[in-house]
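Engineer: fold the following for me, if possible:
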Amino acid sequence: MTSSLRDLKVYTTYPHSCSYLPEQEATTLFVDPRTPMSSALYSQLSLLGFRRSGSHLYRPNCSNCSACIPARVPVGSFEPKRNQRRAWRRNRDIEVRELDDISSDEPFELYRRYIEERHHDGDMYPPSRDQYQSFLSAEWGVTRFYGMFLDDRLVGVAVADVIDDGLSAIYTFYDPDLQDRSLGTFAVLWQIEAAREMGLDYVYLGYWIKQCQKMAYKIQYRPLELYVNGSWVELL
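Structural biologist: Model prediction:
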């Protein structure tokens, strides 16, 4: 088993069109997928700004752009804003349950509708069962699936990985007909509370991209820590 970050092999993709900033060219750094991966090594890589997509660990490595900034919420000092408190109260009737897996038809159909109605301009469109399974698969014994239920009907799913110092929020999808409930906000708030109850310090939110509306929302969770020039710094 790989015991040191110095032993890792990484590869870069050829420059390609950026899915977040269309005017930019992107290059991605990938950990060699043949690397034996453990929860501890995955946690170390998360501290360095890497993210998981399926069984792949990656980080942007663009020569002319540094817009993608890793972000995490320190759960001990997090204070919800007024609109976040409203979203929490609005969803008091939601029951969150941990699911064994999300391979059945019900969660996939929810995912399909979410992508088709909310992200039809993204690189996950059109949604397919194979893409769904590979993207949100359980990896290295750390992945958890949290179902959001309203009157026993599945209305949302949050996929998160439990790493050494936090929860890494992988993806959330929900019923697009329930837009007024702000289920995306509720899912982040719920994961912050879950991390606190588990004695973990952070919720990793992925990349904050100021110029991309779909990724800029993360700045609303304060205080927020950003990974800049090799260090995590707090943005109050």
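
Engineer: can you tell me the SS state at the residue nearest the centre of the chain?
Structural biologist: Central residue of the chain (Cα atoms, centre = their mean): residue 170, 2.9 Å from the mean position. Under the three-state scheme (DSSP: H, G, I helix; E, B strand; the rest coil), residue 170 adopts strand.

Engineer: go on, residue 66?
Structural biologist: coil.

Engineer: what about it, how many neighbours?
Structural biologist: Residues near residue 66, counting by other Cβ atoms under 10 Å, number 10. No exception for glycine: its C-beta is placed from N, CA and C like everyone else's.

Engineer: and it, backbone torsions?
Structural biologist: Backbone geometry at residue 66, expressed as degrees, to the nearest 10, gives phi -130, psi 40.

Engineer: picking that back up, now do the same contact list for the residue nearest to the centre of the chain.
Structural biologist: Taking Cβ atoms under 8 Å, 6 or more residues apart in numbering, we find residue 170 in contact with 52, 136, 143, 159, 160, 161.

Engineer: what do you get if the cut-off is 10 Å, keeping everything else the same?
Structural biologist: 51-54, 135-136, 139, 143-145, 158-161, 204, 206 (Cβ atoms under 10 Å, 6 or more residues apart in numbering).

Engineer: now, those that are in strands?
Structural biologist: Those of those mapping onto strands are 51, 52, 53, 143, 144, 145, 158, 159, 160, 161, 204, 206, per DSSP state E.

Engineer: need these in CSV with neighbour count, distance to residue 76 and pLDDT, can you?
Structural biologist: Shown next, in CSV, are the ones in strands among the contacts of residue 170 (neighbours: other Cβ atoms under 10 Å; distance: Cβ to Cβ, whole Å; pLDDT from 0 to 100):
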residue, neighbour count, distance to residue 76, pLDDT
51, 20, 23, 97
52, 25, 24, 96
53, 16, 29, 94
143, 18, 24, 97
144, 16, 21, 97
145, 19, 26, 98
158, 25, 21, 98
159, 23, 24, 98
160, 24, 18, 98
161, 23, 20, 98
204, 25, 15, 98
206, 19, 20, 96
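
Engineer: now, which of these sits nearest residue 179?
Structural biologist: Closest to residue 179 out of these is residue 158 (16.8 Å), distances taken as Cβ to Cβ.

Engineer: who's the closest one bridged to?
Structural biologist: Beta-bridge pairing for residue 158 (DSSP bridges): residue 146, residue 172.

Engineer: which parts of this structure are helices?
Structural biologist: 39-47, 82-90, 105-118, 129-135, 183-197, 213-216 (DSSP state H).

Engineer: comparing these, which comes out most buried?
Structural biologist: helix 183-197 (a mean of 21; mean count of other Cβ atoms under 10 Å).

Engineer: C-alpha coordinates for stretch 208-228, CSV please?
Structural biologist: In CSV, the C-alpha atoms belonging to stretch 208-228 read as follows (Å, rounded to 0.1, in the frame of the first residue of the first chain):
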residue,chain,number,x,y,z
TRP,A,208,-15.4,27.6,-5.0
ILE,A,209,-15.4,29.5,-8.4
LYS,A,210,-16.2,33.1,-8.0
GLN,A,211,-17.0,33.6,-11.7
CYS,A,212,-19.3,30.6,-12.0
GLN,A,213,-22.8,31.1,-10.6
LYS,A,214,-23.3,27.4,-9.9
MET,A,215,-20.2,27.2,-7.7
ALA,A,216,-20.2,30.7,-6.2
TYR,A,217,-22.9,29.8,-3.7
LYS,A,218,-20.3,28.2,-1.4
ILE,A,219,-19.1,31.6,-0.3
GLN,A,220,-22.4,31.9,1.6
TYR,A,221,-21.3,29.5,4.3
ARG,A,222,-19.2,31.5,6.7
PRO,A,223,-16.6,31.3,8.1
LEU,A,224,-15.2,29.5,5.1
GLU,A,225,-11.6,28.2,4.7
LEU,A,226,-10.0,28.3,1.3
TYR,A,227,-6.9,26.4,0.1
VAL,A,228,-4.6,29.1,-1.3
